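**Q** sequence first, predicted model second:
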Amino acid sequence: MTFYITDSAVFIYGYDGDTSQFITVPAVRNEMKSQEAAMRFEIACETGTRVEQPDPDIRKKVVSLSKETRDVEELSDTDIDILAKAYEYKDDSILLTDDYAVQNVASVLGIKFQPIAQKKIKDVLVWGKKCTACRRKFDKGDECPVCGSPLKKVRRRKL
Ligand SMILES: [Zn+2]
């Protein structure tokens, strides 16, 4: 049986699927801001969706890997929980997420994923910084060391 690891957006926007095949993490519950989303989440739980804590060791692995791809700044604690859970069920699951940073880390971890609404990214990306004035590229920082202008975050293709 294939499981679907579901991030918050699945419950916020709704997803047509068998809720008994859904697995999510407790932190997702806190992201249900609207009454509709909260209700969708509760109904999913009552109809078989499993809510499981992520494994702390797997979580650590996800964090260190997302530092390498520089996605870590983009990931919420909930995203990391979701990724850890998806990794745990890597062989039997598909991660449902529209979040590009989550998709990026998922592809590095070899997790299969499907977008809920958006198209999925084609390549593994690495984040970098680019000066808004002189356009020089850097790995990190907020200010251009050459001309002093602010740096903007840009996606850099890795593979
Ligand atoms: Zn510059």
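**A** Yep, that arrived. Only a predicted model underlies this, so the values are computations on that prediction, with no experimental measurement involved.

**Q** and the closest residue to residue 144 other than its chain neighbours, its phi and psi?
**A** Excluding its sequence neighbours, the residue lying closest to residue 144 (Cβ to Cβ, 6 or more residues apart in numbering) is residue 131, at 3.9 Å. Yep, even glycine has a C-beta here, placed from its N, CA and C like the rest. Phi and psi for residue 131, reported as degrees, to the nearest 10, are phi -70, psi 140.

**Q** quick check, residue 134 in contact with residue 145.
**A** No: using Cβ atoms under 8 Å, residue 134 is not in contact with residue 145, being 10.5 Å away.

**Q** wait, doesn't residue 146 sit right on residue 136?
**A** Yes: contact criterion Cβ under 8 Å: residue 146 and residue 136 qualify, at 5.8 Å.

**Q** these two: which is more packed in?
**A** Counted by other Cβ atoms under 10 Å, residue 146 and residue 136 do not tie: residue 136 has more neighbours, with 14 against 11.

**Q** quick check: the more buried one touching residue 144?
**A** Yes: between residue 136 and residue 144 a contact is recorded at 6.6 Å, counting by Cβ under 8 Å.

**Q** that older thread, what's opposite the residue nearest to residue 144 in the beta bridge?
**A** residue 151 (DSSP bridges).

**Q** what about the helices in the chain?
**A** Using DSSP state H, the helices of the chain run over residues 8-13, 35-46, 56-68, 77-88, 100-109.
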